[in-house]
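Peer 1: Need the 3D shape of this:
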Amino acid sequence: MFPQVHRIRALGLAALSALVLAAPLAAQQSPDTVPEPADAPRTGLVTREELMADRLRRIGVDNPDPAPTHPTSRADSLEWVRWRRAAATATGRRIVVSIYDRKLWLIDGRDTLLEAAAGVGMGIVRGRRGIGVRDFSTPRGRRTVLAKEADPMWNPPDWHYEGLHDGPLRPFPAAGIALEEGGRVVRRGRYLGIQNGAQFDTIPAERPLVYGGVMYIPPFGTVNRQIPGVLGKYKLDTGDGILIHGTNDPLAVGFWGTHGCVRLFDDDIEFVFENVPVGTPVYIY
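Peer 2: Reported below is the predicted structural model:
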């Protein structure tokens, strides 16, 4: 579909090797390993696909591949064809993402400037009372790069906190939290801290806000809501929480391992960041 490829990235084996070397020997295997026949003796090695399937099972997803590699219904097929055709017939500089292929292309006219492995959404729906339902799929359609940021901080949605605590989960109250031992947890600008008389002690950003058996969700705009490193070196914001960004989890690149965003290896997101201006269209099919 996109003829002249000027710069192609492979599956980021250098980035993956760091992850593999840090993993237990029983979990190591080249991403290009051919699956063993069913009657072959077990070697103790697993594929990247098996690692991803195991990760999903741990969060309660039984389907080993919830994000399919081809249309699964007539409606799905028509939507896929619609946006694939739109991506193929578009002109000018644009980003194209294939959910089924787990690939991203940066295209200028008829020239493909970059082809890269991409992590896409898990394709599952999760929810919890008080937090709402979230579809962890990468949505098809035409989007636009609305903003770019280097060294981005992740400001996680409310659903991020639901897996961190078994007890009740509540938004941080505007009036603060009264403590049994005295004092009150309050907000002062970008910081949360314990106010006791005239003294204000800030709460470290990484410390969970658990008081009286309840976990409170830090408010947006505070350092307690920001998590460094998760988005990698760069991010492109396409709106509605759908980002194109780097990652601290290279295993998920090229697989169905995200909450809806598109993840790239560091070198690839750097190339996209440097060569994509704000306003660039993004086609996802």
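Peer 1: List the backbone torsions phi and psi for residue 163.
Peer 2: phi -90, psi 0 (degrees, to the nearest 10).
Peer 1: what's around it, how many residues?
Peer 2: 12 (other C-beta atoms under 10 Å). For every residue, glycine as well, the C-beta is placed using N, CA and C.
Peer 1: and if you look at residue 279?
Peer 2: Considering only other C-beta under 10 Å, residue 279 is surrounded by 9 other residues.
Peer 1: Residue 143 is in contact with that one, correct?
Peer 2: No - judged on C-beta atoms under 8 Å, residue 279 makes no contact with residue 143 at a distance of 11.5 Å.
Peer 1: so who does residue 118 touch?
Peer 2: 97, 102, 103, 104, 253, 254, 262, 263, 264 (C-beta atoms under 8 Å, 6 or more residues apart in numbering).
Peer 1: Filter those down to just the ones in strands.
Peer 2: 97, 103, 104, 262, 263 (DSSP state E).
Peer 1: Just the buried residues of those.
Peer 2: Buried members of those, counted by 16 or more other C-beta atoms under 10 Å: 97, 104, 262, 263.
Peer 1: what would those look like in CSV with distance to residue 83?
Peer 2: Formatted as CSV, those follow (distance: C-beta to C-beta, whole Å):
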residue, distance to residue 83
97, 10
104, 14
262, 14
263, 20
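Peer 1: Tabulate these (a markdown table), appending distance to residue 245 and pLDDT.
Peer 2: As requested, these are exported to a markdown table (distance: C-beta to C-beta, whole Å; pLDDT from 0 to 100):
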| residue | distance to residue 245 | pLDDT |
| --- | --- | --- |
| 97 | 13 | 97 |
| 104 | 12 | 98 |
| 262 | 8 | 96 |
| 263 | 6 | 95 |
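Peer 1: re the thing from before, show me which pair in the ones in strands among the contacts of residue 118 is furthest apart.
Peer 2: 103 and 263 (12.3 Å; C-beta to C-beta).
Peer 1: Please name the nearest non-neighbouring residue to residue 118.
Peer 2: residue 104 (4.2 Å; C-beta to C-beta, 6 or more residues apart in numbering).
Peer 1: I'd guessed the one you found sits against residue 97; true?
Peer 2: Yes - between residue 104 and residue 97 there is a contact at 5.0 Å, judged by C-beta under 8 Å.
Peer 1: Identify the contacts common to the two.
Peer 2: With C-beta under 8 Å, 6+ apart as the test, residue 104 and residue 97 both reach 118, 244, 262.
Peer 1: Could I get the residues you listed in a markdown table, plus columns for distance to residue 200?
Peer 2: As requested, the shared contacts of residue 104 and residue 97 are exported to a markdown table (distance: C-beta to C-beta, whole Å):
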| residue | distance to residue 200 |
| --- | --- |
| 118 | 44 |
| 244 | 39 |
| 262 | 41 |
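Peer 1: and which of the residues you listed is nearest to residue 271?
Peer 2: Once C-beta to C-beta is applied, the member of the shared contacts of residue 104 and residue 97 that ends up nearest residue 271 is residue 244, at 11.8 Å.
Peer 1: Would you check that that closest one makes contact with residue 96?
Peer 2: No - counting by C-beta under 8 Å, residue 244 stays clear of residue 96, with 11.5 Å between them.
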